[in-house]
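Participant: fold the following and give me the result.
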Amino acid sequence: MNNIKVVPNSDVAKVTFHSVPDKPGIAAEIFGFLGELGFNVELVVSTPTEKGKGDISFVISRKELLSLLGVLNTLKNKVRTEEITHDENIALISITGHGFSEQPGIASRVFKALSKAGINLDTISTSLHAITCVIKENLLPEAQKALEEEFKTE
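Facilitator: Residues are numbered from 1 along each chain as shown. This is a model prediction of the structure:
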């Protein structure tokens, strides 16, 4: 596949709502509120954590984080989350390309290349045309190099 591109992004921060009620409408409430305030969310991951609870993590532009932190208490009470944390020391590394769904093993190649470079994955998101991983920001150059070498995109 010669249409693969490696896309690094270090201008991001991750926010996690811990132990939100695991019921219909919570994600709609969170992201509806954020959208109404003009925040653009780049990646969302939801994970069940315990009976009736879950974590919802999302990535936003780092330059929006300070503004977001100012409104999180309102949202915290609204959705009854126990805790909200954030991490500014993360980055996104993505590979994009058409036809991923017809190419078995793409995800495995990504994960193996990053593993060989000593990079632990915080979060993974996939779609038909992209695989995106949240990693520690200081490892972004190594991650980019590993994926460019694996997919020969340099």
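Participant: who are the packing partners of the helix of greatest length in the chain?
Facilitator: With DSSP state H applied, the helix covering the greatest number of residues in the chain is identified as helix 62-79. The helices and strands touching helix 62-79, judged by 3 or more Cβ pairs under 8 Å, 6 or more residues apart in numbering; DSSP states H and E, are strand 12-21, helix 26-36, strand 83-87. In short, each C-beta sits where N, CA and C put it, glycine included.
Participant: 10 Å instead?
Facilitator: Using 3 or more Cβ pairs under 10 Å, 6 or more residues apart in numbering; DSSP states H and E as the contact criterion, the elements in contact with helix 62-79 are strand 12-21, helix 26-36, strand 53-61, strand 83-87.
Participant: mean neighbour count and distance to residue 118 for these - can I get that in CSV?
Facilitator: As requested, the helices and strands packed on helix 62-79 are exported to CSV (neighbours: other Cβ atoms under 10 Å; distance: least, Cβ to Cβ, whole Å):
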stretch, mean neighbour count, distance to residue 118
strand 12-21, 20, 21
helix 26-36, 14, 34
strand 53-61, 20, 22
strand 83-87, 14, 19
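Participant: residue 126: which of those is closest?
Facilitator: With distances scored as Cβ to Cβ, the stretch of these nearest to residue 126 is strand 53-61 (14.7 Å).
Participant: got the angle for that closest one vs strand 12-21?
Facilitator: Orientation check (axes from the mean of the first three to the mean of the last three Cα atoms, to 10 degrees): strand 53-61 against strand 12-21 gives 160 degrees.
Participant: what angle do strand 53-61 and strand 83-87 make?
Facilitator: Orientation note: strand 53-61 sits at an angle of 30 degrees relative to strand 83-87 (the same axes, to 10 degrees).
Participant: how about residue 126, what does it touch?
Facilitator: Residues counted as contacts of residue 126 (Cβ atoms under 10 Å, 6 or more residues apart in numbering) are 100, 101, 106, 107, 110, 132, 133.
Participant: kindly report the same for residue 25.
Facilitator: Going by Cβ under 10 Å, 6+ apart, the list of residues near residue 25 reads 32, 79.
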